[in-house]
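Student: after the sequence you'll find the predicted model.
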Amino acid sequence: MAERIVHEPTGEDFAALPVAERLPAARGAVPDAAPMVEAEDLARHFDVSRPWLQRVLAREPRRILRAVDGVSFAIPKGTTLSLVGESGCGKSTVARLVVGLYAPTRGRVLFDGQDLARARASAAQRRRMQMIFQDPYASLNPRWRVRDIIAEPIRAFGLVRDRAAQRDRVAELLTHVGLSPLDGEKYPHEFSGGQRQRISIARALSSNPEFLVCDEPTSALDVSVQAQILNLMKALQRELGLTYLFISHNLSVVRQVSDRIGVMYLGRIAELAPAETLFTAPRHPYTRALMEAIPDLEMTGRQRVPVGGEVPSPISPPPGCPFHPRCPLADARCRAERPALIPARGTEETLVACHAVEEGRDGDPATAASARALA
Amino acid sequence: MAAPAFVRAFDSDLWWSFRRSPVTVLSAVVALVCVGGALLAPLLAPHNPFDLASLNLLDAFKPPAWAAEGDLAYPLGTDDQGRDMLSAIMYGARVSLLVGVSAVLFSTLLGVALGLLAGYLGGAVDAVLMRIADIQLTFPSILVALLVDGVVRAALPREVHDQVALFVVIFAIGISNWPQFARTVRGSTLVERNKEYVLAARVIGLSRLRIMLTHVLPNVLGPVLVIATLSLGFAILAEATLSFLGVGVPPTQPSLGTLIRIGNDFLFSGEWWITIFPGAALVAMVLSVNLLGDWLRDALNPKLR
């Protein structure tokens, strides 16, 4: 099984390219292409109340979990937007909202200019969006042969004329993701995690989609395999002009694949910036704290300043800015008023939801870091 | 890899755990003898107990062949009509098995379908179906079967009832046992429906029915096989109980339960073989099937390996 990693045409060719060519010119800036997907004030609340009788007996109010609470973004065609954040910040819920697995509680999603619910009613539009999942051990039906798994979207959308054409298409897809056409006869349990993720990608590609939602596609994989899968995904993006919404909690993974990055905190976007800008000039206090926490070689052994406190519960989020209980810059306004996502003072290409940045209270990052160390 | 499927099946963990357990092998042999004897009764049985012309009342109450007054023509003796007990048992086991297997099939189909619907659709469908199952589970299943049988018996005219009696028994036993299947399948469905392969199918936009049948169903059938095997024992016993109480299969097609009931009348007048032999056959059949079911349950449970 292990030798299969060697023949990986797309990934290896890609890795051989000079670094400059690997970075699209558009990277770091917002390209002018029409948006593939737009989210407008998107929210999804879950009712997590106890059963009615128990609730009435205990005189409890309903408990509403605000998994996503007012998220807006646009993903231009051919680019990658990543959403990062801690567990429970709502990033996977956004992913599911964007492909229509959940209906939004508020706001809407536009797919290529069309309302998502209307777009999903048509098979021709549904075909254009696909999803890659986190757990390669749960995302493939264990009772199906790989060739049937990959062919399912082909059959569902009636993309080929006959069985022979379907077989050829499956073989082509398997080769495309670096597997052998013979692997189609096997069952998912005969593959490693990385190979299964390749099968997932082949299934997603089989309907010739234009937009892929990737919900932590590498977080269940070994680091070396992660790189292969990321390279494969980037090569496919270049080749097929795909648009990605990429969900991850791993900042270094996100840095490798994204054009723009949104940092989520408690169901909202705290900062949305071009990828390199986010890493070189993070503005939101939460983003800055995250950057501090990335392990790197120069800083080995240094004492790190963790973000104090815990993530508040999305069932009873704090009023005002959701980050204020943990924020070194919080003042009375932060505790009362919810900040809007607006261009940041100084770095206009960055959108940030922070009163301190808006008012210029954040100072330059160095001062802020020392202030935080004192706090 | 290239070996044909049946060779691989015999090389599997299941076969290994089967051979390792002598009790299981023994029960399989007993079950095979019972099923084989029942299925091949018209070929193997020494007499045809339903052929009235061949019955001779002078042969009534013959003891088994090894007793002093025994007759080699009737290895297990005869009953009050002069019927050969061995043949009657073989034909009776046929009826018992037919009713048992059909009832289990019926409750499996019903239970799996309702469990799948409840688990996958959730909400009100789930609540209603599971409350019905809960209510039914508070009654002993034999009571449910008796009730169903009684209602149908009262509702249908006698001639019609005699014709459909067999189906009524199958229906009554089947309906009394579906909640087990439904609950198990619902539980597994709740787990499977949130797995990512189901989400992937939903992203494509497949219909709920198609996802239930092609994705969820194959992944929840494992435990069903075990319950079905264990239920077979129950169903055969339930049929015997109904027949013993005189409400089961029609007397023209006596099952093991009917034979036991008939024999019961003569137990205290010394003709013990008329009731003991059908009883022993019933015990052997149910016990072997249940032991096989127990083994299957353990062998398929990864935590017990």
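Tutor: Everything's here; your move. Numbering: from 1, shown residues only, chains lettered A, B, ... in the order given.

Student: what bits of the chain have low per-residue confidence?
Tutor: Using chain A here. In the predicted model of chain A, residues A:1-32, A:298-306, A:364-375 satisfy pLDDT under 70.

Student: I was thinking of chain B, sorry if that wasn't clear
Tutor: B:1-12, B:302-305.

Student: for it, what spans make up the helices?
Tutor: Counting by DSSP state H, chain B has helices at residues B:5-10, B:13-20, B:22-39, B:41-44, B:85-121, B:123-137, B:141-155, B:158-175, B:178-192, B:196-204, B:208-210, B:217-244, B:256-264, B:273-300.

Student: how about the ones you listed in CSV, adding mean neighbour count?
Tutor: The way it works is simple: take the backbone N, C-alpha and C, and place the C-beta from them, glycine included. As requested, those are arranged in CSV below (neighbours: other Cβ atoms under 10 Å in any protein chain shown):
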stretch, mean neighbour count
helix B:5-10, 10
helix B:13-20, 13
helix B:22-39, 16
helix B:41-44, 13
helix B:85-121, 23
helix B:123-137, 14
helix B:141-155, 16
helix B:158-175, 18
helix B:178-192, 22
helix B:196-204, 23
helix B:208-210, 12
helix B:217-244, 22
helix B:256-264, 24
helix B:273-300, 20
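
Student: redo those helices as JSON lines? Include distance to residue A:340.
Tutor: Compiled in JSON lines, the helices of chain B are given as follows (distance: least, Cβ to Cβ, whole Å):
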{"stretch": "helix B:5-10", "distance to residue A:340": "63"}
{"stretch": "helix B:13-20", "distance to residue A:340": "61"}
{"stretch": "helix B:22-39", "distance to residue A:340": "70"}
{"stretch": "helix B:41-44", "distance to residue A:340": "84"}
{"stretch": "helix B:85-121", "distance to residue A:340": "41"}
{"stretch": "helix B:123-137", "distance to residue A:340": "37"}
{"stretch": "helix B:141-155", "distance to residue A:340": "63"}
{"stretch": "helix B:158-175", "distance to residue A:340": "62"}
{"stretch": "helix B:178-192", "distance to residue A:340": "41"}
{"stretch": "helix B:196-204", "distance to residue A:340": "32"}
{"stretch": "helix B:208-210", "distance to residue A:340": "40"}
{"stretch": "helix B:217-244", "distance to residue A:340": "46"}
{"stretch": "helix B:256-264", "distance to residue A:340": "78"}
{"stretch": "helix B:273-300", "distance to residue A:340": "57"}
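
Student: can you pull out the strands in the stretch 251-375 of chain A?
Tutor: Along the stretch 251-375 of chain A, the segments classed as strands by DSSP state E, counting those that start in this stretch run A:260-265, A:268-274, A:342-343, A:351-352.

Student: using PDB, write out every CA atom in the longest one.
Tutor: Extracted as PDB, the C-alpha positions of strand A:268-274 are listed here (Å, rounded to 0.1, in the frame of the first residue of the first chain):
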ATOM      1  CA  ARG A 268     -18.800  35.500  14.100                       C
ATOM      2  CA  ILE A 269     -15.900  36.600  11.900                       C
ATOM      3  CA  ALA A 270     -13.400  38.600  14.000                       C
ATOM      4  CA  GLU A 271     -11.000  39.300  11.200                       C
ATOM      5  CA  LEU A 272     -11.100  38.700   7.400                       C
ATOM      6  CA  ALA A 273      -7.900  39.500   5.500                       C
ATOM      7  CA  PRO A 274      -5.700  38.400   2.600                       C
END
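
Student: ok and it relative to strand A:260-265, angle-wise?
Tutor: Interaxial angle of strand A:268-274 relative to strand A:260-265 (axes from the mean of the first three to the mean of the last three Cα atoms, to 10 degrees): 160 degrees.

Student: strand A:268-274 pairs with which strands, and in what direction?
Tutor: strand A:260-265 (antiparallel), strand A:351-352 (antiparallel) (DSSP bridges).

Student: which residues touch it?
Tutor: Identification of contacts with strand A:268-274 by Cβ atoms under 8 Å, 6 or more residues apart in numbering or on different chains yields A:27-30, A:69-73, A:83, A:90, A:259-264, A:278, A:282-284, A:286-287, A:322-323, A:341, A:347, A:349-354.

Student: switch to 6 Å and redo it
Tutor: For strand A:268-274, contacts defined as Cβ atoms under 6 Å, 6 or more residues apart in numbering or on different chains pick out A:28-29, A:69-71, A:260, A:262-263, A:284, A:286-287, A:341, A:349-353.

Student: repeat for the third one
Tutor: Residues outside strand A:342-343 that contact it (Cβ under 6 Å, 6+ apart): residue A:351.

Student: so can I have a markdown table of the strands of the stretch 251-375 of chain A showing mean neighbour count?
Tutor: Listed next are these as a markdown table, based on neighbours: other Cβ under 10 Å:
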| stretch | mean neighbour count |
| --- | --- |
| strand A:260-265 | 26 |
| strand A:268-274 | 25 |
| strand A:342-343 | 13 |
| strand A:351-352 | 25 |
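
Student: from residue A:202, how far off is the residue in the stretch 101-250 of chain B that chain A sits nearest to?
Tutor: Relative to chain A, the nearest point of the stretch 101-250 of chain B is residue B:196 (3.8 Å; Cβ to the nearest Cβ). For residue B:196, the distance to residue A:202 equals 15 Å [Cβ to Cβ, to the nearest Å].

Student: list buried residues within the contacts of strand A:268-274.
Tutor: Neighbour-count burial (16 or more other Cβ atoms under 10 Å in any protein chain shown) is assigned, among those, to A:28, A:69-71, A:260, A:262-263, A:284, A:286-287, A:341, A:349-353.

Student: which two among those are spaced furthest apart?
Tutor: Pairwise distances across the buried ones among the contacts of strand A:268-274 (Cβ to Cβ) peak at 28.9 Å, for the pair A:28 and A:69.
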